[in-house]
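Novice: Just to be clear, the model below is a prediction. Sequence and coordinates:
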Amino acid sequence: MDKIMEYQPEIWLSIGQTFIMVGISVLAAVLIGLPLGTYLYLSRKGNLYENRMRFALLDTVVNIVRSFPFLLLVVFLIPFTRWIVGSAIGTMAATVPLSIISIAYYARLVEQSLLDVPKSIIEAAISMGASPTQIIFKFLYREARSGLVFGLTTATVSFISYSTVMGIVGGGGVGDFAIRYGYQRFETGLMTYTILLMVILVQIIQMTGTTIAKKLDKRS
Amino acid sequence: MIQLQSVEKSFNGLKAVHPLTLTINKGEIHGIIGTSGAGKSTLIRLMNLLERPDSGDVIVNERELTSLKETELRKARQNIGMIFQQFQLVQNRTVGQNVEMPLELMNVQKDKRRKRVEECLQFVGLLDKIHAYPAQLSGGQKQRVAIARALANNPPVLLCDEPTSALDPSTTSEILQVLKNVNETFGSTIVIVTHEMHVVKSICNRVSIMKGGHLLETLSIEPLGVESNEDHYIEDLRLIAKVDE
């Protein structure tokens, strides 16, 4: 208990770092992953913007990013990270590989959710004279919305998990704190405490996401 | 009102519709009947270019759809209502929001939209369900909502692709009555694709018979009314014989 009080400032700092890393990844997932996943869906065979070449290209890129062992992806992206944020070390630097993986991860989940929307509803949209933008926003996203929220929840939980290893590039965060202070200094109590924090955080996110997704789903 | 001029359509080398010409007159209820695989669904989908014909022209409301650019085609489609076998309502929108959809797509003002939505739901007798979600409705109610949605922007033409095939007989009569009312009240031209003789007999003024992608014949008939179970006239028997052949 004393230890926990003693390290309070460090704990808060690391929680802040986790929030920055995960927050930016979630933002990247929504701002880039959502459109990317939507385009993956649309360019698929038999869909609105069928384009075999582009689909194959994007599909492969998403697969490659997702199949990279995460630590190697972080290392592999160092030059790119340096170019984007000016440094390969620190919390901001850590957000770059995290965002890349989150974009690929969420894009795939978006594609899945959209594939669950019956194609016939798109036909109805076309028969009403809807434009492609209207089809996407008023029909596709509307019908897929609970899946999109649920997917983002799942993704966020994964991003938290990914963020725990960002200590290797000085990204900090709760996971890094648990390893450095709890594990490496043999403070088992401190480690347990941080793990507990993580569990609670994940529970809250998952419960919130599931509740919202359920609320949004009027399909049955 | 609708003219198909030597239209034909193949899927993967298989001819779904052999070259055919068909004119549908203003204000009539035109049935297209045939067994499954006869090409009747493809035929109705050619009428709003959900399927583009391999050759031939499609003219609806005096506009040659086949020659229109994408944006013009969208505008033209807003004047062709369509309903489907499986209703195709947006499940995550309320009944009212579904009916509002076509008006929203046309950027009609909010208060005008609301008024029109209420009119249309009133017409199909579902005003009390305006805040319900489609999942809370029966099949017949869903189809009535779909009809209300199709009517929202006053299209002169209403295409119905197997509108009653997912419904039981009494609900079928109910929907047919609504379609007949639409035709009588607004003078809409209605095309109904069906494999049910009952549908054709009760409300159609003319009927086209399809088989194997060919248009066998188009006949004028006297609709018997929705409640009728009669089977009495010769054309009717001829029809059945042709379809069942």
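Specialist: Now that the structure is in, tell me what you want to look at. This is a predicted model, so every value here is computed, not measured.

Novice: A:L34 and A:R108 touch, don't they?
Specialist: No - the pair formed by A:L34 and A:R108 falls short of the contact definition of Cβ atoms under 8 Å, at 11.6 Å. Glycine gets a C-beta too; all of them are placed from N, C-alpha and C.

Novice: show me the contacts for B:S41.
Specialist: Contacts for B:S41 (Cβ atoms under 8 Å, 6 or more residues apart in numbering or on different chains) come out as B:D161, B:E162, B:V193.

Novice: so what's the second one up against?
Specialist: Under the criterion of Cβ under 8 Å, 6+ apart, the neighbours of B:E162 are B:S41, B:F84, B:Q85, B:V193, B:T194, B:H195.

Novice: any idea which of those residues is the one closest to B:R116?
Specialist: For B:R116, the closest of the contacts of B:E162 turns out to be B:F84, at 21.5 Å, with distances computed as Cβ to Cβ.

Novice: list the helices and strands the longest helix anywhere in chain A packs on?
Specialist: The single longest helix within chain A, with elements called by DSSP state H, is helix A:188-216. When contacts are defined as 3 or more Cβ pairs under 8 Å, 6 or more residues apart in numbering or on different chains; DSSP states H and E, helix A:188-216 packs onto helix A:2-6, helix A:8-28, helix A:141-163, helix A:174-177.

Novice: Deepest in the core, which of those helices is it.
Specialist: Using mean count of other Cβ atoms under 10 Å in any protein chain shown, the stretch among these with the greatest mean number of neighbours is helix A:174-177 (a mean of 24).

Novice: How about residues contacting it?
Specialist: For helix A:174-177, the surrounding residues in contact (Cβ under 8 Å, 6+ apart) are A:10-11, A:14-15, A:17-18, A:163-167, A:194, A:197-198, A:201.

Novice: Those residues of chain A touching chain B, which are they?
Specialist: For chain A, the residues found near chain B under the criterion Cβ under 8 Å from any Cβ of the partner chain are A:118, A:120-121, A:123-124, A:126-131, A:134, A:138-139, A:142-143, A:145-146, A:216-220.

Novice: cutoff 10 Å now
Specialist: A:117-118, A:120-132, A:134-135, A:138-139, A:141-146, A:216-220 (Cβ under 10 Å from any Cβ of the partner chain).

Novice: Among the residues you listed, which lie within helices?
Specialist: Short answer: these in helices (DSSP H) are A:120-127, A:132, A:134, A:141-146, A:216.

Novice: where in chain B is pLDDT low?
Specialist: Residues of chain B meeting the criterion pLDDT under 70: B:227-245.

Novice: Okay, and the residue most central in space within it sits in which element?
Specialist: By Cα atoms, centre = their mean, the mean C-alpha position of chain B lies nearest to B:C160, the distance being 1.7 Å. In this assignment (DSSP states H and E), B:C160 forms part of strand B:157-161.

Novice: So in that sheet, which strands flank that strand, and in what orientation?
Specialist: Sheet pairing for strand B:157-161, assigned by DSSP bridges, gives strand B:80-83 (parallel), strand B:189-194 (parallel).

Novice: and residue 180, how many neighbours does it have?
Specialist: Since no chain was named, I'll use chain A. Applying the criterion other Cβ atoms under 10 Å in any protein chain shown, we find 16 residues in the vicinity of A:R180.

Novice: sorry, should have said chain B
Specialist: Per other Cβ under 10 Å, the neighbour tally for B:K180 reads 18.

Novice: Skipping adjacent residues, who's closest to it in space?
Specialist: B:I203 (5.0 Å; Cβ to Cβ, 6 or more residues apart in numbering or on different chains).

Novice: distance of that neighbour from B:L159?
Specialist: Applying Cβ to Cβ, to the nearest Å, one obtains 15 Å for the distance of B:I203 from B:L159.

Novice: same deal with B:E62?
Specialist: Computed as Cβ to Cβ, the B:E62 to B:L159 distance reads 17 Å.

Novice: For those two, indicate the residue with more neighbours.
Specialist: Taking B:E62 and B:L159 together and counting by other Cβ under 10 Å, B:L159 has the greater number of neighbours (25 against 7).

Novice: what sits opposite the more buried one in the beta ladder?
Specialist: In this structure, B:L159 has the following beta-bridge partners (DSSP bridges): B:M82, B:V191.

Novice: hang on, isn't it packed against B:I2?
Specialist: Yes - applying Cβ atoms under 10 Å as the test, B:L159 and B:I2 come out as touching, 8.9 Å apart.

Novice: Identify the contacts common to these two.
Specialist: B:I44, B:M47, B:N48, B:V60, B:I80, B:T189, B:V191 (Cβ atoms under 10 Å, 6 or more residues apart in numbering or on different chains).

Novice: Low-confidence stretches in chain A?
Specialist: Low-confidence segments of chain A, defined by pLDDT under 70, span residues A:1.

Novice: Closest one of the contacts of B:E162 to chain A?
Specialist: For those, the closest approach to chain A (Cβ to the nearest Cβ) belongs to B:F84, at 6.5 Å.

Novice: for that closest one, what are its contacts?
Specialist: Going by Cβ under 10 Å, 6+ apart, the list of residues near B:F84 reads A:120-121, A:123-124, A:127, B:41, B:143, B:146, B:150, B:159-163, B:165-166.

Novice: List phi and psi for it.
Specialist: Backbone geometry at B:F84, expressed as degrees, to the nearest 10, gives phi -130, psi 170.

Novice: and what of the one 4 residues further on?
Specialist: Dihedral angles of B:Q88 (phi, psi; degrees, to the nearest 10) stand at phi 50, psi 50.

Novice: Having no further points to raise, I will conclude here.
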